[in-house]
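>>> Kindly return the folded structure for what I paste below:
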Amino acid sequence: MRHCSVQVRGLLTRDELDRYNALMEVGSFLESQNRYDLAYTVQKEVDLLIQPAIERLKDKSRERDRATQEYLESKRLTSLDDEDEDEDDN
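Here you go, the predicted model:
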């Protein structure tokens, strides 16, 4: 069974995390019994379960990128204002 990343796991709701842990336990048991055909089906369920958390992670990343862009733009404008003041002083 493939685990999802720690970042994704951190964004699972309590119910999603409980279901994730239960599915991983079932999948590990099936693998230990060499029932890879059934473990594959469980893995597909895990993949579906974590999709909302992956989207939440993408949203956080987009928000961080947007905040970085706004910060860089404010720094650029401040720099331009400082240049204008320097020109006015001369």
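
>>> any idea which residue sits dead centre in this protein?
For the chain, the residue nearest the mean C-alpha position is residue 57 (2.5 Å; C-alpha atoms, centre = their mean).

>>> Verify the contact between that one and residue 8 for me.
Yes: judged on C-beta atoms under 8 Å, residue 57 makes contact with residue 8 at a distance of 5.9 Å. C-beta coordinates here come from the backbone N, C-alpha and C atoms, glycine included.

>>> Are there residues contacting both of those two? Which ones?
Common contact partners of residue 57 and residue 8 (C-beta atoms under 8 Å, 6 or more residues apart in numbering): none.

>>> just checking, what packs against the longest helix along the chain?
Using DSSP state H to define each element, the chain has its longest helix at helix 51-89. Secondary-structure packing of helix 51-89 (3 or more C-beta pairs under 8 Å, 6 or more residues apart in numbering; DSSP states H and E): helix 6-10.

>>> List the buried residues in the helix it packs on.
residue 8 (16 or more other C-beta atoms under 10 Å).

>>> avg pLDDT for it?
On average, the pLDDT along helix 6-10 is 96.

>>> who touches it?
Contacts for helix 6-10 (C-beta under 8 Å, 6+ apart): 3, 17, 20, 50, 53-54, 57.

>>> Could you rerun that using 7 Å?
Contact partners of helix 6-10, identified using C-beta atoms under 7 Å, 6 or more residues apart in numbering, comprise 50, 53-54, 57.

>>> Run the chain-centre distance for it.
Distance of helix 6-10 from the chain centroid (C-alpha atoms, centre = their mean, to the nearest Å) equals 7 Å.
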